[in-house]
Structure formats: structure tokens, C-alpha cells
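Undergrad: Take this sequence and fold it.
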Amino acid sequence: MERTKKRSLNLLILLISITAIILGLGAYGYYKVLSTNQIYEGVSVDEFDLSFKTKEEALNFIRSSKEKELDEKNMVLSYEDKVYDINIREFDFKYNYDDAVNKAYSIGRKGNIINRITDIIDTKKNGVNISLNSSYDKNKINEFAGRIAQEIDLEMKEAEFHFNNGNITITDEVIGKKVKQEELIQLIENNIYDLNPIEIPVEIIKPTRTRELLSRINGVIAEYFTSFKGSKKERIENIKISAQALSKKIIMPGEIFSFNEVVGPRKKEFGYKEANIIKKGEFIPDVGGGVCQTSTTLYNALLLADVEIIERSPHSVPVKYVNLGQDAAVSYGFLDLKFRNNFDFPLFIHSRIMGDRLHIYIYGDKASKNYSIKIEPKVVETIEPKEEIVEDSALEPGTKELVQEGRKGYKVHTYKHIIKNGKIVETKLISRDFYKPRNYIYKTGRGSHEQEITIDEKE
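TA: Predicted coordinates:
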């Protein structure tokens, strides 16, 4: 019995010793694992296995491979014959190596011993992959897009029409180009990882005035003149200034022309003088008197050219320099003369003072106009002025004094005849105008008997 107890005790001691040795060796092993400066088994960054590598070794391992790869990462951009082959390093593209390696090194190093050992074992069994992030400088992309724009951008230029004493010369137009920089920047950013070829987006800016179109201005398609003989020098000066403002203006197909916009306000600071204007049926002095003769001359030239008149107003009283129904009154901010170029070719206005006449010419495509225009105004009603008698106690009985000259009124219809081969093929009513009559006004002494008075009209 005693021997049996002793044998059991020796066996227990042996088992305890063996267990202690085993536990001791295990603790030592885990101590070595937990205290290592290497990345644990099963950890990778993208396609790079970093198991058992120190942080420095891991950095060098990844960097050496990825930097070589960066050397070959080029983006190709093109437009017509221009090709830009640029390495993405130009955009300050780089990988965040340190961040990825630090994350790899942190696996199995968080929490208490049990948590760490659990993570280490799980990582060895299942693996952990960490993404290698990258970055770039958007400002570099912006600068690159700007440099491309400087090389590709081309300023658009309209063809130019030059008129010198009836001689016409035309310069070529230039088609403009403008890189769509914001769109290009977005394309580059979206392509930074795919590196597919990029077609540089460019806006084409086409001129509206081309040599081909301006070349259709090849001759006079209509002309008209009015006389300012007998006008005062101030009125003549106003006609000259306004006519000069009109001259050498090009009106493109479909474009609307405004006399007031082109000529501008009639002010002394622009050289206009004071001369008679018509206001509420009366002639009164004001700055810019005479400009209506310019607008009227233009109006008649436009009628003969057969353009579309959008806005035109007659005077309140007849004017001497043109037939009834053919005048065009203007007043800046109130009355305007407007027309639309309804042809498929441009029109060119040229004005010229010759002696005591204002000539206005409309140039266009002579070959496209195989007809002529005749303007015919017809007085459909003449309205005789009435007589108004005002008694004045200061006058002797039987005395009569003319206070206001009377003037006939008219209703006028104006027609446009289209003539081909010498025959009228179409007639259009283009305006109905009314020129108000003005009554004669007399003062008579009290007690005068009413009697018929014969009046000589003064036109």
C-alpha cells in the first residue's frame, strides 16, 4: 500500500512537470509571436503578401513594384493632329504606401492578449487584404487642361466687308475653337485609373459672317434720294450726321434693324444742332431737326429693295421732301423705323451726300432679285380746313386778323407694285396714313358780321 501511494505521487509530480514544461514552452512561443516586429502571416496589401515582413521591408517591397508601374501609367489625349501623352505623375499621382503598411502592421496588435491571439490565428487562417489607396492633385489637372486650351483655343473672327468708293473687298473668316475645360477636367479625373484614350472636347465657334455669304453683296438693289435744298445749315448738319451713322451697316439675313438703335440719341454732345421738328402738328425748334429726312430717305430705299418693314410712322403733317404716304417719322424713344432682312443674303447700307441731295443705296445680291418695285401713293380723301372765329374786343368792328394758317388734311393709301418684264404682277397695300387738317383761326372785332372769307393756302 505504501509503495502504491509513493508510485502515484511520483507519477503526479511527473505529470505536473510535463504540463509545466508544455505550458511554459507555449507561453514563450506566444510571447515571441506577440512581441515580433513583423507583419503577421496572412496580411496583404492589394496583390502584395506582406507576411513576416517588417514595416520597412514591406514599404520597400511595395514601393519598388508600384513605382515601376507608375512609370508606365500614361494617359493619351488627342484632338485632330494634336496628341498629348502624359504620365499621371504630372498630376502628382501617388500611392499612400505608409498608410497601407501601417494598417497591415496593426493587424493582431489591438486589444488584450486574448483578442490579439484570436486575430493572429484568424488572419493566418482566412487572410486580411488592405487596399493601397492613392491620391492626385486636382490643381495639376486644372493646370494641364489650361495648357491644352492655350494650344488649341483659336479666336473666332468674322469675315470683314470693306467698301471703298464702290469697290468691295472681303477678308476670310476664322472658325473659332475653345476647349471645354471643365468637361476635360472631369474626363481626366474619371479616367485616372482606367487610362483609356480621351478625345479632347472642343467647342467649334462658327462665324455668322463668312466670305461666301458676304460675297453675295455684289451690287445696288435699290436706291433713293431726297433734296434738302433751301434747308438751314443746322438742319443739313443733322442730316449729314444721321446719314453717316447709317452708312456702311451690314444687316444679316433674318436680322432686325432699328434706326434709333443705330443712329442713337440726337443730342448736342454728338454734334446735333437745333432745327425745326414737327410736334403735335406744329413746327418747333429742337435738337436733331432734319433727322426724319434721313429716316424717310432710308424708308423709301428699303421699300424699293422690298424688305420687310416692321415699324414705321407717318408725320402728323405732310413734309415737302417726299410724297404723301412715303415719309417715316422718327423720335428717339418714341417713334422708330425698323425692318427685317427677309432675304437669304446680307444687305449693306451706304449713304452719300451729293450737292443738296441725300442718297441712300441698298446693296445686296443683284442676281437674286429679278423684279423691280414701284411705290404709288393715292390720296383717297382730302379734308378741307374749317374756319374758327374768335371775337376780340380790342379790334375795331369789321376788322379780321389771321391768327393761324389753315392746312388741308389727307387720307392716303400707299401701294407697292411688283414689276417683272415691264408688267405689274402683284400689287400690295403697304400703308394707310392720315394727315390731320388744321383749321384757320381769325380774330374779329365785336359786332362784325359773319361773312365768307377767301383764303389763299400756303403750302
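Undergrad: Just confirm residue 160 contacts residue 168, I think it does.
TA: No: when contacts are counted by CB atoms under 8 Å, residue 160 is not listed as touching residue 168 (11.2 Å). Just so you know, the C-beta spots here come from the backbone N, C-alpha and C atoms, and that holds for glycine as well.
Undergrad: Check which element follows the helix or strand of the chain with the lowest mean pLDDT along the chain.
TA: When the helices and strands of the chain are scored by mean pLDDT, DSSP states H and E, helix 2-34 comes last with a mean of 54. Next in sequence after helix 2-34, counting helices and strands by DSSP states H and E, comes strand 43-45.
Undergrad: The helix or strand following that next one - which strands sit beside it in the sheet, and in what orientation?
TA: Per DSSP H and E, the first helix or strand lying C-terminal to strand 43-45 is strand 48-49. Applying DSSP bridges to the sheet, strand 48-49 is found paired with strand 43-45 (antiparallel).
Undergrad: which outside residues touch the strand it pairs with?
TA: Strand 43-45 has contacts (CB atoms under 8 Å, 6 or more residues apart in numbering) with 49-51, 58, 62, 100-101, 104, 107, 123, 127-132.
Undergrad: Out of the residues you listed, which sit inside helices?
TA: Residues from the contacts of strand 43-45 lying in helices, with DSSP state H as the criterion: 58, 62, 100, 101, 104, 123.
Undergrad: Tabulate those (a markdown table), appending pLDDT.
TA: Converted to a markdown table, these look like this (pLDDT from 0 to 100):
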| residue | pLDDT |
| --- | --- |
| 58 | 93 |
| 62 | 94 |
| 100 | 94 |
| 101 | 95 |
| 104 | 92 |
| 123 | 93 |
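Undergrad: Can you tell me which of those is nearest residue 38?
TA: Checking those against residue 38 with CB to CB, the nearest one is residue 58 at 9.1 Å.
Undergrad: Contacts only, for that closest one.
TA: Counting by CB under 8 Å, 6+ apart, residue 58 has contacts 39, 45, 48, 50, 101, 104, 105.
Undergrad: same thing but 7 Å
TA: Residue 58 makes contacts with 39, 50, 101, 104, as judged by CB atoms under 7 Å, 6 or more residues apart in numbering.
Undergrad: which stretches of the stretch 101-250 of the chain have low pLDDT?
TA: For the stretch 101-250 of the chain, applying pLDDT under 70 flags no range at all.
Undergrad: Quick one: the helices in it, in order.
TA: Here the stretch 101-250 of the chain has its helices, by DSSP state H, counting those that start in this stretch, at 113-126, 138-152, 181-190, 211-214, 233-246.
Undergrad: Can you say which of the ones you listed is packed in most?
TA: helix 233-246 (a mean of 20; mean count of other CB atoms under 10 Å).
Undergrad: Packing partners of that helix?
TA: helix 259-263, strand 274-279, helix 291-305, strand 347-354 (3 or more CB pairs under 7 Å, 6 or more residues apart in numbering; DSSP states H and E).
Undergrad: run the last query once more with 10 Å
TA: helix 259-263, strand 274-279, strand 282-287, helix 291-305, strand 347-354, strand 357-364 (3 or more CB pairs under 10 Å, 6 or more residues apart in numbering; DSSP states H and E).
Undergrad: Mean neighbour count, mean pLDDT and distance to residue 319 for those - can I get that in JSON lines?
TA: JSON lines is the format used below for those (neighbours: other CB atoms under 10 Å; pLDDT from 0 to 100; distance: least, CB to CB, whole Å):
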{"stretch": "helix 259-263", "mean neighbour count": "19", "mean pLDDT": "96", "distance to residue 319": "16"}
{"stretch": "strand 274-279", "mean neighbour count": "18", "mean pLDDT": "64", "distance to residue 319": "8"}
{"stretch": "strand 282-287", "mean neighbour count": "13", "mean pLDDT": "64", "distance to residue 319": "10"}
{"stretch": "helix 291-305", "mean neighbour count": "25", "mean pLDDT": "97", "distance to residue 319": "7"}
{"stretch": "strand 347-354", "mean neighbour count": "18", "mean pLDDT": "96", "distance to residue 319": "19"}
{"stretch": "strand 357-364", "mean neighbour count": "22", "mean pLDDT": "97", "distance to residue 319": "13"}
